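> Structure, please.
(one chain, ligands or ions: 1)
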Amino acid sequence: MIRTDNLTYGYGDGPSAVHGVSFALTAGTSLAVVGPNGSGKSTLLRLLAGLLSPCRGAVSIAGFPIDTLRPSLRARHVAILFQNPDDQIFATRVRDELRFAPVQAGVPSHVIDERMDRAAALCGIREDLDRNPHDLSRARRKRVCLASVYMMETPLVLLDEPLSGQDAAGRRVVMQMMAALRSRGRTVVAVTHDMNFAASFDSMLVLRAGGVCAVGDPRSLFSDPSLDLPLPDALVLGRRLGLHDTCLTEGELLEALNPL
Ligand SMILES: Nc1ncnc2c1ncn2[C@@H]1O[C@H](COP(=O)(O)OP(=O)(O)OP(=O)(O)O)[C@@H](O)[C@H]1O
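Presented below is the predicted three-dimensional model:
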């Protein structure tokens, strides 16, 4: 579905923010991109979206080099949630914000209305549809952006720190969105600092100083002490309780504690 070869990018004359990144992701699977601040996660996501052009290397989506796709065609393949909702929102009514991209893509009006119903319900923003997004809290504006991404129904969805600034209800919205995207066979790449969230992905890519430090399934990567990753809560608690299993979730931890 998505493939990068030796992807390298630097801002202006600065050092490379991302260098030599190569990986492939199968359609319908999910990848969490993790790493310390400034390690190049958002830059990588923007390269995957075709919003930045690599200095070296390439990104291809569904076999097409992304820089050969016209923006309108690219928008049918990939949608991105920015880290900062204010980089994304431009309309003065939530409803117009959600409609904009599908209208540009030529989606019929009745289909847009159906999608908006589903997106607004999923993101818990039904009561906000006629409000100005700039009157909403930042966390709620991020939900509006998440709904916009959902509206595009693209096979590839890129999420930059979807959980940042979200309270418990907002976290549930993101989890529901992930479940909805998975059930619809979407490929999802998400940048996150939240290891509980990262543990729920099919695979993880660890970036350090712009380069790939490791790629693999979360259980193997969290079990590798040489990577020195922050760990999911269940794994930390399990280890403190003396368990040898690599429990990544509360459910796995309970099962390991009560095997019967
Ligand atoms: N617009 C920009 N102009 C110049 N340098 C930039 C720009 N955006 C990012 N950088 C630099 O590129 C490097 C990677 O930044 P990036 O935002 O991709 O990292 P990140 O891993 O997403 O960080 P964070 O976890 O803090 O969001 C950093 O050194 C950053 O200062």
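
> Kindly format the C-alpha coordinates of the strand or helix carrying Ser72 as PDB.
Element membership of Ser72 [criterion: DSSP states H and E] is helix 71-77. Presented in PDB, the C-alpha positions along helix 71-77 are these (Å, rounded to 0.1, in the frame of the first residue of the first chain):
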ATOM      1  CA  PRO A  71      -3.200  17.100  -5.700                       C
ATOM      2  CA  SER A  72      -6.800  16.200  -6.500                       C
ATOM      3  CA  LEU A  73      -6.000  12.600  -7.100                       C
ATOM      4  CA  ARG A  74      -3.700  12.500  -4.100                       C
ATOM      5  CA  ALA A  75      -6.600  13.600  -2.000                       C
ATOM      6  CA  ARG A  76      -8.500  10.500  -3.000                       C
ATOM      7  CA  HIS A  77      -5.700   8.300  -1.700                       C
END
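
> from here on, count from 871
Will do, 871 is the new start, and the previous item becomes helix 941-947.

> so what does it touch, helix or strand wise?
Counting contacts by 3 or more Cβ pairs under 8 Å, 6 or more residues apart in numbering; DSSP states H and E, helix 941-947 is packed against helix 964-974. Just so you know, the C-beta spots here come from the backbone N, C-alpha and C atoms, and that holds for glycine as well.

> Show the subsequent helix or strand relative to the helix it packs on.
Stepping forward along the backbone from helix 964-974, the first helix or strand reached (DSSP H and E) is helix 979-993.

> Next, the angle helix 964-974 makes with that next one.
Computed by axes from the mean of the first three to the mean of the last three Cα atoms, to 10 degrees, the angle separating helix 979-993 from helix 964-974 equals 130 degrees.

> returning to what we had before: tell me the buried residues in the helix holding Ser942?
Arg944, Ala945, Arg946, His947 (16 or more other Cβ atoms under 10 Å).

> give the contact list for Phe1071.
For Phe1071, the residues meeting the contact criterion (Cβ atoms under 8 Å, 6 or more residues apart in numbering) are Ser900, Leu901, Ala902, Val1058, Ala1060, Pro1088.

> Let's see that with 7 Å instead.
By Cβ atoms under 7 Å, 6 or more residues apart in numbering, the contact list for Phe1071 reads Ser900, Leu901, Ala902, Pro1088.

> Equivalent analysis for Phe1067, please.
Contacts here follow Cβ under 7 Å, 6+ apart; on that basis Phe1067 touches Leu1033.

> and it, what element?
helix 1065-1068.

> re earlier: name the residues that touch the helix or strand following the helix holding Ser942?
The C-terminal neighbour of helix 941-947 among helices and strands, as given by DSSP H and E, is strand 948-951. Residues lying outside strand 948-951 but in contact with it, judged by Cβ under 7 Å, 6+ apart, are 915, 919, 931, 1015-1016, 1019, 1022, 1024, 1026-1030, 1032.

> Show me what from the stretch 871-1020 of the chain comes close to the ligand.
Tyr881, Gly884, Ala887, Gly905, Asn907, Gly908, Ser909, Gly910, Lys911, Ser912, Thr913 (Cβ under 6 Å from any ligand atom).

> Need the buried ones from these selected in ChimeraX.
With 16+ other Cβ under 10 Å as the criterion, this ChimeraX line picks the buried residues out of those:
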select :887,905,909,910,911,912,913
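
> Any chance of TSV for the residues of the stretch 871-1020 of the chain next to the ligand, columns pLDDT and secondary structure?
Formatted as TSV, the entries for those read as follows, by pLDDT from 0 to 100; DSSP: H, G, I helix; E, B strand; the rest coil:
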residue	pLDDT	secondary structure
Tyr881	95	coil
Gly884	85	coil
Ala887	96	strand
Gly905	96	coil
Asn907	96	coil
Gly908	95	coil
Ser909	97	coil
Gly910	97	coil
Lys911	97	helix
Ser912	97	helix
Thr913	97	helix
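
> on that earlier part again, got the buried residues for the helix holding Phe1067?
With burial defined by 16+ other Cβ under 10 Å, the residues of helix 1065-1068 counted as buried are Met1065, Asn1066, Phe1067, Ala1068.
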